[in-house]
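Engineer: Quick one: sequence plus predicted model below, questions after.
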Amino acid sequence: MSSQPDHLAATRPGSDRLRRLAGRVAAGAVPALAAVLMSGCAVKGADNANVIAGKKYFVQKCGACHTLARAETKGIVGPNLDEAFRASLREGLERSTVRSVVEGQVENPNRGGVMPKNLAKGSTLEDIAAYVSQVADLPGKDTGLLATAVEAPGSGKPAVESAGKLSIPASPSGQLAYATNKASATAGAVTIEMPNMSGVAHNIAIEEGEHGASGTGTVLGHSEFVTNGAAKVSLTLKPGTYTFFCQAPGHRAAGMYGTLVVK
């Protein structure tokens with residue numbers, strides 16, 4: 001389901017394919033699995049699937065490509081997983097069947113599609129599928145241990161420039177976010193570095209003004225894209241407010257941006 005080598009992805013129309021596969025599973029194409037425990041504090045289900053680890057793995061491996069509300073991921077390469085399962089769940093599809101569908105999608109990616117082979121397997125795949133099956137199209141937010149399994153996007157401490165250098169890392173968890181959405185610097189020459197160890201290609205660009213998820217300001221400079229490493233952009237900035245963001249398609253709209261205040 002993804003254009004990135006380390007992420008769960010499916011070709012379009014992904015939602016239709018998921019529903020067709022769900023129908024085959026529900027009809028008995030594969031054995032039904034035990035239902036996942038629904039408590040927000042539950043770590044393991046009856047078959048030892050670990051939904052806490054599953055959420056972490058999902059965000060890391062799948063979140064850049066898929067939207068899943070409870071995981072706070074907003075990827076757009078593959079189908080929105082809440083929408084993909086919504087109709088079937090409301091028609092009575094068991095969540096254990098959703099889990100089988102997710103496992104089947106990863107184990108047998110569509111030929112010619114963009115989802116990589118061997119994205120996840122063994123207990124890692126079981127954990128991912130268990131988490132997705134538990135939360136797909138489920139209103140509200142994760143609670144208990146699930147609520148703190150992954151740091152909220154952009155919630156790190158504000159980045160502060162020192163001696164003309166400012167570090168704004170990409171989220172190491174694989175989220176479409178920077179580690180922080182706030183930064184500050186003094187006016188003058190500054191080199192902005194973006195460490196990125198997520199495995200997802202990101203860069204960092206600087207735009208005049210504060211424009212949020214959809215930019216309308218002048219882009220003053222941008223770094224190269226990196227997947228694992230560090231990218232840099234050097235600028236001379238006047239006092240004012242700026243937006244930093246990733247220029248990869250869909251990343252800014254998904255939340256990969258923040259505000260830089262220069263004094």
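Structural biologist: Yes, it's here.
Engineer: For residue 189, the count of nearby residues, please.
Structural biologist: Neighbours of residue 189 under the rule other CB atoms under 10 Å: 10. In this view, the C-beta of every residue, glycine as well, is placed from N, C-alpha and C.
Engineer: can you tell me the helix or strand for it?
Structural biologist: Applying DSSP states H and E as the criterion places residue 189 in strand 188-196.
Engineer: in that strand, what counts as buried?
Structural biologist: Using 16 or more other CB atoms under 10 Å as the test for burial, strand 188-196 gives 190, 192, 193, 194, 195, 196.
Engineer: got the contact list for the residue of the chain most remote from its centre?
Structural biologist: The C-alpha centroid of the chain is most remote from residue 188, which lies 34.2 Å away (CA atoms, centre = their mean). Counting by CB atoms under 8 Å, 6 or more residues apart in numbering, residue 188 touches 164, 236, 237.
Engineer: measure it to residue 158 for me?
Structural biologist: 19 Å (CB to CB, to the nearest Å).
Engineer: just checking, residue 249 is part of a strand?
Structural biologist: No. Using DSSP: H, G, I helix; E, B strand; the rest coil, the assignment for residue 249 is coil, not a strand.
Engineer: any idea how far residue 220 is from the residue nearest the centre of the chain?
Structural biologist: Centroid-nearest residue in the chain, with CA atoms, centre = their mean: residue 63, separated by 2.5 Å. Noted for residue 63: a distance of 29 Å to residue 220, by CB to CB.
Engineer: Kindly report the domain assignment for this protein.
Structural biologist: Domain ranges of the chain: 14-147, 159-262, per automatic domain parsing.
Engineer: And the average pLDDT for the one helix or strand residue 85 maps to is what?
Structural biologist: Using DSSP H and E, the element containing residue 85 is helix 81-90. Across helix 81-90, pLDDT averages out at 96.
Engineer: swap in stretch 136-152?
Structural biologist: For stretch 136-152, mean pLDDT is 93.
Engineer: The domains of the chain: which one's closest to residue 153?
Structural biologist: domain 159-262 (3.5 Å; CB to CB).
Engineer: what's the first-to-last distance across the closest one?
Structural biologist: Taking CA to CA, to the nearest Å, domain 159-262 runs 12 Å from one end to the other.
Engineer: ditto for stretch 111-118
Structural biologist: 13 Å.
Engineer: same question, stretch 50-68
Structural biologist: 18 Å.
Engineer: Any idea how far it is from the middle of the chain?
Structural biologist: 7 Å (CA atoms, centre = their mean, to the nearest Å).
Engineer: can you check stretch 81-95 too?
Structural biologist: The answer for stretch 81-95 is 21 Å, by CA atoms, centre = their mean.
Engineer: do the same with stretch 139-157
Structural biologist: In terms of CA atoms, centre = their mean, the centre of stretch 139-157 is set 13 Å apart from its chain centre.
Engineer: contacting residues around that stretch?
Structural biologist: Outside stretch 139-157, the residues touching it (CB under 8 Å, 6+ apart) are 39-43, 51-52, 55-56, 59, 70-72, 135, 171, 173, 175-181, 255, 258.
Engineer: So which bits of that stretch are buried?
Structural biologist: Neighbour-count burial for stretch 139-157, counted by 16+ other CB under 10 Å, picks out 142, 146, 149, 150, 151, 153, 154, 156.
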